[in-house]
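Trainee: the following block contains a protein sequence and its predicted model.
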Amino acid sequence: MQTHDFLFTLLIILVAARVFAELASRLQAPSVIGELFAGVLLGPSLLGWVEPFEAIKMMAEIGIILLLFEVGLGTDFKRLVSTGAKSFMVAIAGFILPLVLGFSLSYWVFDLSLLVSLFIGGTLTSTSIGITVRVLSDLRRQHAAEGQIVLGAAIFDDILGVVLLALLYEFSTGGGVSLVNTGKVLMFVLAFFVLAPIAAKIMSVAIKRFDTESEISGLIPTSIVSMVLFFGWLAHSLGAPELIGGFAAGLALSRRFFLPLGIALSVDDEFSERVESKMKPIVQLFTPIFFVYVGVSLNLHEIAWGSSFIWIFSLSLLLAAIIGKLLGAFLIKEAWPIRWVVGLAMIPRGEVGLVFAELGRASGIFNNEIYAAMVIVIALTTLLPPFILKWLYAHYAERVQVIKT
């Protein structure tokens with residue numbers, strides 16, 4: 001591809017992503033749905049203006065790493081601890097049940113392979129904390145009891161999801177499912193989560209000091225992006241996906257991070273806030289490219305829509321995705337409206353689910369039909385719960401005391 005063609009393609013992607021994200025937001029839908037639709041529109045499914053060529057793929061992968069960095073940066077362990085057993089129960093059940101349901105349906109009902117079934121079950125475990133936070137904030141319930149339970153559970157769910165993602169990546173590249181591969185990845189993740197805060201602390205002290213002495217602007221974003229890329233390279237070198245490095249870098253720089261057993265690292269809150277504010281524009285530039293790339297990679301013309309498989313398969317996984325999260329919330333001791341709110345708020349898969357699906361496609365685990373089914377399930381579980389939550393609050397606000405603001 002010529003340089004001018006690449007520049008024009010990138011222009012189309014960025015503009016379309018922004019336009020459709022704005023439209024989705026105005027329709028009270030998550031912006032990620034708009035960006036995903038922009039990819040479907042631009043790609044071979046509809047207009048055919050953009051193909052998933054290598055340069056865009058590389059930018060999309062940077063977007064994934066930065067997206068996981070942002071997730072890690074926003075991880076709040078103290079909130080997880082403060083909500084206690086209820087968040088833990090919702091997270092564990094909401095992680096295990098969709099995994100088991102998705103795997104069981106794929107492996108025993110639809111007769112798919114072990115690795116494909118594990119990837120499908122893994123994709124259904126995710127919860128989009130970004131979408132969950134946005135919905136609760138719009139409803140002004142993020143600080144309410146149910147809001148704290150959901151946020152704590154979503155944080156823990158993210159951590160479990162990242163570990164599972166590392167395992168699936170190793171299975172897809174390391175010769176299949178084995179205890180050796182599992183042990184290797186778990187040891188790496190544990191070591192990374194222990195050592196990353198120490199390394200990031202040393203780096204952040206150096207960055208902060210040089211930032212005060214530097215005579216030119218831009219030291220913080222340049223240094224932090226360099227550190228994220230280094231962690232991504234290190235993760236790949238140790239046999240895990242690069243995006244795990246991005247998550248670990250964000251987690252280590254979070255001003256709310258602490259090590260196990262109460263071993264805390266002192267963190268400058270003001271510096272952490274500056275890092276967050278400086279990095280946000282960069283993250284917001286690259287992550288839409290990833291979501292558009294997901295849509296571009298999907299060719300709807302290659303799917304046998306007349307086949308009953310795609311419809312039955314998608315519907316079955318959709319039910320598994322919804323039921324798994326709802327049952328997890330039903331286990332806690334709260335009023336039933338609260339349980340419904342918590343369960344519904346945990347359903348959106350959003351960007352986290354798309355990361356799983358894209359890894360499955362890129363590694364050759366998902367064929368086009370399975371990939372399309374996963375995107376359909378992720379889109380529906382992302383799009384529907386916010387509207388249902390708003391209806392639920394409006395319906396119960398005056399009838400149930402515990403729901404009142």
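Mentor: Received the coordinates, thanks. Treat the numbers as computed from the prediction; the structure is a model and nothing was measured.
Trainee: between the two ends of stretch 25-38, how far is it?
Mentor: 14 Å (C-alpha to C-alpha, to the nearest Å).
Trainee: so for it, what gets flagged as buried?
Mentor: 29-38 (16 or more other C-beta atoms under 10 Å). The way it works is simple: take the backbone N, C-alpha and C, and place the C-beta from them, glycine included.
Trainee: so which of the residues you listed are in helices?
Mentor: Of the buried residues of stretch 25-38, the ones assigned to helices by DSSP state H are 31-38.
Trainee: circling back to that earlier point, okay, the buried residues of stretch 25-38 in a markdown table with pLDDT next?
Mentor: Supplementary listing: the buried residues of stretch 25-38 in a markdown table, determined by pLDDT from 0 to 100:
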| residue | pLDDT |
| --- | --- |
| Ala29 | 80 |
| Pro30 | 79 |
| Ser31 | 85 |
| Val32 | 85 |
| Ile33 | 87 |
| Gly34 | 90 |
| Glu35 | 91 |
| Leu36 | 89 |
| Phe37 | 92 |
| Ala38 | 94 |
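Trainee: ok, these vs Leu7, which is closest?
Mentor: Of all these, Leu7 sits closest to Ala38, with 18.0 Å by C-beta to C-beta.
Trainee: how much space is there between the closest one and Trp49?
Mentor: Distance of Ala38 to Trp49, computed by C-beta to C-beta, to the nearest Å: 11 Å.
Trainee: pretty sure Ile200 contacts Phe230?
Mentor: Ile isn't right for residue 200; it's Ala. No. Assessed by C-beta atoms under 8 Å, Ala200 is found out of contact with Phe230, at 10.4 Å.
Trainee: following the helix or strand where Ala191 lies, which helix or strand shows up next?
Mentor: If you go by DSSP states H and E, Ala191 is part of helix 179-213. Following helix 179-213 in sequence order, the next helix or strand is helix 219-237 (DSSP H and E).
Trainee: buried residues in that following helix?
Mentor: By 16+ other C-beta under 10 Å, the buried positions in helix 219-237 come out as 219-221, 223-225, 227-229, 231-232, 234-235.
Trainee: pLDDT of it, averaged?
Mentor: The pLDDT scores in helix 219-237 average 85.
Trainee: circling back to that earlier point, closest one to Asp157 out of the buried residues of helix 219-237, please.
Mentor: Ala235 (20.5 Å).
Trainee: which residues sit in contact with the spatially closest residue to that closest one that is not a sequence neighbour?
Mentor: Closest residue in space to Ala235, ignoring its immediate chain neighbours: Gly245 at 3.4 Å, by C-beta to C-beta, 6 or more residues apart in numbering. Counting by C-beta atoms under 8 Å, 6 or more residues apart in numbering, Gly245 touches 65, 192, 228, 230-236.
Trainee: same check on Gly43?
Mentor: 49-52, 295-299.
Trainee: which of the residues you listed fall within helices?
Mentor: Among the contacts of Gly43, the members that lie in helices (by DSSP H) are 295-296.
Trainee: and the pLDDT at the residue nearest the centre of the chain?
Mentor: In the chain, the residue lying closest to the centroid (C-alpha atoms, centre = their mean) is Val352, at 2.0 Å. Per-residue confidence at Val352 stands at 77 (pLDDT).
Trainee: same question, Lys390
Mentor: Reported pLDDT for Lys390: 80.
Trainee: how far away is it from Arg141?
Mentor: For Lys390 relative to Arg141 (C-beta to C-beta), the value is 11 Å.
Trainee: the more surrounded of these two?
Mentor: Arg141 (20 against 14; other C-beta atoms under 10 Å).
Trainee: for stretch 367-380, buried residues please.
Mentor: Across stretch 367-380, burial judged by 16+ other C-beta under 10 Å covers 368-380.
Trainee: circling back: adding distance to Gly43, write the buried residues of helix 219-237 out as a markdown table.
Mentor: A markdown table is the format used below for these (distance: C-beta to C-beta, whole Å):
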| residue | distance to Gly43 |
| --- | --- |
| Leu219 | 38 |
| Ile220 | 36 |
| Pro221 | 31 |
| Ser223 | 35 |
| Ile224 | 32 |
| Val225 | 28 |
| Met227 | 33 |
| Val228 | 28 |
| Leu229 | 27 |
| Phe231 | 31 |
| Gly232 | 26 |
| Leu234 | 33 |
| Ala235 | 29 |
